[in-house]
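Enquirer: sequence plus predicted model, see below.
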Amino acid sequence: MTAADISLGELAAAVGAELRGDPEQRVSAMNTLAAAQGHELAFLANPKYRNQLMSTNAGAVLLRPDDLGDFTGNALLLANPYLAFATLSHRFDRTPKPATGIHASAVVAETAVLGEGVSIAAQVVIGEGVRIGAGSIVEAGSVIHDRVVLGEGCRIRSRVVIYHDCRLGNRVQIHSGAVIGGDGFGFANERGHWRKIAQLGAVVIHDDVDIGANTTVDRGALEDTEIHTGAIIDNQVQIAHNVVIGAHTAIAACCGISGSTEIGAHCILAGGVGVVGHIKICDGVQITGMTMVTKSITEPGSYSSGTAFDRTESWKKMAVRLRRLDDLVTRVQRLEKARD
Amino acid sequence: MTAADISLGELAAAVGAELRGDPEQRVSAMNTLAAAQGHELAFLANPKYRNQLMSTNAGAVLLRPDDLGDFTGNALLLANPYLAFATLSHRFDRTPKPATGIHASAVVAETAVLGEGVSIAAQVVIGEGVRIGAGSIVEAGSVIHDRVVLGEGCRIRSRVVIYHDCRLGNRVQIHSGAVIGGDGFGFANERGHWRKIAQLGAVVIHDDVDIGANTTVDRGALEDTEIHTGAIIDNQVQIAHNVVIGAHTAIAACCGISGSTEIGAHCILAGGVGVVGHIKICDGVQITGMTMVTKSITEPGSYSSGTAFDRTESWKKMAVRLRRLDDLVTRVQRLEKARD
Amino acid sequence: MTAADISLGELAAAVGAELRGDPEQRVSAMNTLAAAQGHELAFLANPKYRNQLMSTNAGAVLLRPDDLGDFTGNALLLANPYLAFATLSHRFDRTPKPATGIHASAVVAETAVLGEGVSIAAQVVIGEGVRIGAGSIVEAGSVIHDRVVLGEGCRIRSRVVIYHDCRLGNRVQIHSGAVIGGDGFGFANERGHWRKIAQLGAVVIHDDVDIGANTTVDRGALEDTEIHTGAIIDNQVQIAHNVVIGAHTAIAACCGISGSTEIGAHCILAGGVGVVGHIKICDGVQITGMTMVTKSITEPGSYSSGTAFDRTESWKKMAVRLRRLDDLVTRVQRLEKARD
């Protein structure tokens, strides 16, 4: 695979930037301001890196006109350099695509219906009645069970499992090791013994959703688990049965969302957040890292739990004091009485 | 695959319910009281949904005689509708089963011994000396290493790995992406360098255990890691080497159990609980979500750690106060002295 | 596979122990002091198990001369019995190795270059331009994408994915279900919609690193994610894009390290630790279980966060008191003013 090799003129046109410099000069990669060389495109989005601009060796820089200062190198000027970086990054992406068509080692059911330009890579298994939209890619080692529907332009990375009857929209990306539509954790207790409840719902994933590596999204018990348009979910997240994730919500790695909980649109959950079951979180909520959310949230804003980290020695003292907090409150009450 | 289509008479007989209504009427699916249509069976187990009973469109409802009230639709009356729902749910389960026998793309060692009616799906790998009991299913993409023993009626979902010499009882379910018998995290430190300790034990899983998607159960260092009868373990749980999980214990998603810890029978660990190594938790303990258990528990009951979640602004103030708790205690002591 | 069968003389020589007993006696397995039988080798490293020495049935025991006491059985005497146990454990390891060469069911690109004695097991996929060093093993069901480089003596367990352009040193072990080089969680927000940033870096893993089952290590956004020599990482750990893990650092299960954070050498993170992004942790830091690290650490030592666990009833009272801590501080201030 040869590296990309794109002219500054073409790049500027692609993101609507004003070009200061040579439109014929070419770059073949992107990099940070600090590390970029002459064949590389860099960007300045965060003002705290402005001091790196004068010493960069980058072949060209994406930046705001206001940040230009005395910089005399090639510059692509525009209002949102970070967004332009996001857009242009795909021009330099070296992620290989499996060839169009079905690899000889793949096992595809005769009743599966594949759209135009679909790629089914090596060792893939596609079940009965599966429908895959045009241009979708299923990478090596993935298993798509019966009657799953994938829209157009989806990319299922290596070694994903999607269980029967789940339905994905267009341009959905599922990263390696994710399991979509495994059984929810549903059991009835009969005199101390757990009796499994068949999980009869499925998982519905709408357009433009991105689901991280080794993340699990369980199928619903009766109705479906649902992830709305444009939601992005990082690695190792657990989404239990009948959870609903709102549109354009971002969930960072290692979060766990318990059963039947609904999270609104445009929320951001930082890493390691836990959310109990059967609650609702409204739109526009941010939860800081490793917070445990134990009841519904009805007002937008930021929420947290936990204690600040400290030297273990100090922390141990604090933990002991904390256990005796009740005692401290009593002593203050006594002092207050004595004063009165 | 055609949907199930079962008469109310047959369903009532299957769970020993008294049928109020037409035994010849048929249903083809289950659903919630709120969403069910005429072809669907619903249930009323939690009294807080009793108000949905009068407006349900369900073809029939499982419920307690006491909850019947003025409901005039088809009713299957019995003492435990939730348990009956669990039992009947399997009649409507559309989870596909791979065909009996060995798929042409599977790789099965000649020394493997497969019982009657075993299903080995596409792209599976079965190692030397593996023994699989009658009626067990190994779904697409799973790898069963040498000398593993599976009992009868097990179901190994897609893309599971079971390492050499692990032994599973009857009716064990392992969900997709789980890794059973990977190496425990055992290293000796030699002047700052970690030297790996071969993990010579295996994993023993007794009858009727259910293990969730992307869960990991490590093999023992010398003796075996062991999961007793009827334990249920959710997704993304980590069970370290030489852990023992008691019978009928339930472990929710994202828990981590450190090495050599023993958890008793009939315990319930909510999501995200962490348990340190080398401790014992007695029978009948419940641990609430995201608690860190740092020492043995010898009395049944419920245990917790952590702080309540709050607006981040308030939480920050609390966190600062907490760091200064020591100071506050000193000030109260000073006030007490002044009073005396 | 026959069990190992090794003479005490050979074992003593292998670890430089002084043998007290019969050099011709043979053992075929290792076990704990308490469980070992006559054909098994045990060890005594932790003085708290010294009382088990006199009653052990072990065929021989690794121990310090000082711990010998009245023990008259076969003894291998040396300064560090735990390290010797680590070394000798590999002699009794029954982990099967796939045959050298390429299994008929594997799919290996013509442009891949395999060193001497490489094993490629069943259902493996090896991409274009992959280079695998001498003696490396790729177990069943793994997928190695284009241009990945593996050094010599690596072992890639079953069902691992390594994405394009990642580079591994020598003797690296990657356990089942791990995903190396999946996309980092990088998105630019454009008026509430997330726009994916192509992840153009890779993952670089140096010699002698061990990465646990179902762990995820994301590829860098621009530069590489990097794990230095001899680091050991347990199961279900999440390493985000552009993280750097120092040499000989140990990270226990279920930790999550956020993007661009650098962790020094010889650190130890206990289970379930979370670390925010864009910080630095210096060499020689220990973090206790389930701590959330929210800013850089510049001094070696041990750090913690969280609260001690307690009966849920007491914990609930504490949690309420904690929310009112501000109020308590105000009351103490008022008392102090009254006193003055």
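Expert: Nice, I can see it. Residues are numbered from 1 along each chain as shown, chains lettered A, B, ... in the order given.
Enquirer: so where's the stretch 51-200 of chain A shaky on pLDDT?
Expert: Nowhere does the stretch 51-200 of chain A drop to pLDDT under 70.
Enquirer: tell me which parts of it are close to chain C?
Expert: The stretch 51-200 of chain A comes close to chain C at residues A:80, A:82-83, A:85-87, A:89-90, A:92-96, A:103, A:105, A:121-123, A:139-141, A:157-159, A:173, A:175-177, as judged by CB under 8 Å from any CB of the partner chain. For glycine as for every other residue, the C-beta is placed from the backbone atoms N, C-alpha and C.
Enquirer: let's go with 6 Å and repeat that
Expert: Residues of the stretch 51-200 of chain A found near chain C, taking CB under 6 Å from any CB of the partner chain as the criterion, are A:82-83, A:86, A:89-90, A:92-93, A:96, A:105, A:122-123, A:140-141, A:158-159, A:175-177.
Enquirer: now the terminal residues of stretch A:271-289, how far apart.
Expert: 5 Å (CA to CA, to the nearest Å).
Enquirer: with stretch A:282-297 instead?
Expert: 6 Å.
Enquirer: and A:Trp315, what element?
Expert: helix A:312-323 (DSSP states H and E).
Enquirer: near chain C, anything from that helix?
Expert: Yes: contact of helix A:312-323 with chain C (CB under 6 Å from any CB) involves A:Thr312, A:Trp315, A:Ala319, A:Leu322.
Enquirer: show me what counts as buried in that helix.
Expert: A:Thr312, A:Trp315, A:Met318, A:Ala319, A:Arg321, A:Leu322 (16 or more other CB atoms under 10 Å in any protein chain shown).
Enquirer: is it in proximity to chain B?
Expert: Yes: Helix A:312-323 lies within reach of chain B by CB under 6 Å from any CB, at A:Lys317, A:Met318, A:Arg321.
Enquirer: tabulate those residues (JSON lines), appending pLDDT.
Expert: As requested, the residues of helix A:312-323 next to chain B are exported to JSON lines (pLDDT from 0 to 100):
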{"residue": "A:Lys317", "pLDDT": "89"}
{"residue": "A:Met318", "pLDDT": "88"}
{"residue": "A:Arg321", "pLDDT": "86"}
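Enquirer: among those, which one lies nearest to B:Gly184?
Expert: A:Met318 (33.3 Å; CB to CB).
Enquirer: so what's A:Asn57 up against?
Expert: The contact partners of A:Asn57, by CB atoms under 6 Å, 6 or more residues apart in numbering or on different chains, come to A:Gln37.
Enquirer: any idea how far A:Leu83 lies from chain B?
Expert: With distances taken as CB to the nearest CB, to the nearest Å, A:Leu83 is found 27 Å from chain B.
Enquirer: residues near that residue, how many?
Expert: 20 (other CB atoms under 10 Å in any protein chain shown).
Enquirer: in three-state terms, label it for me.
Expert: Put simply, A:Leu83 is helix when judged by DSSP: H, G, I helix; E, B strand; the rest coil.
Enquirer: now A:Gly9, nearest residue through space, not along the chain?
Expert: Distances taken as CB to CB, 6 or more residues apart in numbering or on different chains place A:Pro23 nearest to A:Gly9, at 3.1 Å, with adjacent residues excluded.
Enquirer: distance check, that neighbour against C:Gly246.
Expert: Per CB to CB, to the nearest Å, A:Pro23 is found 44 Å from C:Gly246.
Enquirer: again, but for A:Thr72
Expert: Taken as CB to CB, the span from A:Thr72 to C:Gly246 is 39 Å.
Enquirer: same drill for the two, tell me which one is more crowded.
Expert: C:Gly246 (22 against 10).
Enquirer: could I get the pLDDT score of the more buried one?
Expert: Looking at C:Gly246, its pLDDT is 98.
Enquirer: could you do A:Thr2 as well?
Expert: Looking at A:Thr2, its pLDDT is 49.
Enquirer: the one 5 residues further on now?
Expert: In this model, A:Ser7 is scored at 97, pLDDT.
Enquirer: which one is it nearest to, not counting chain neighbours?
Expert: A:Arg26 is the one closest to A:Ser7 (CB to CB, 6+ apart), at 5.2 Å.
Enquirer: pretty sure the one you found sits against A:Leu8.
Expert: No: using CB atoms under 6 Å, A:Arg26 is not in contact with A:Leu8; the gap is 7.4 Å.
Enquirer: higher neighbour count, the two?
Expert: Taking other CB under 10 Å, A:Arg26 and A:Leu8 do not tie; A:Leu8 has more neighbours (23 against 16).
Enquirer: for the more buried one, give me its contacts.
Expert: A:Leu19, A:Pro23, A:Gln25, A:Ala60, A:Asn74.
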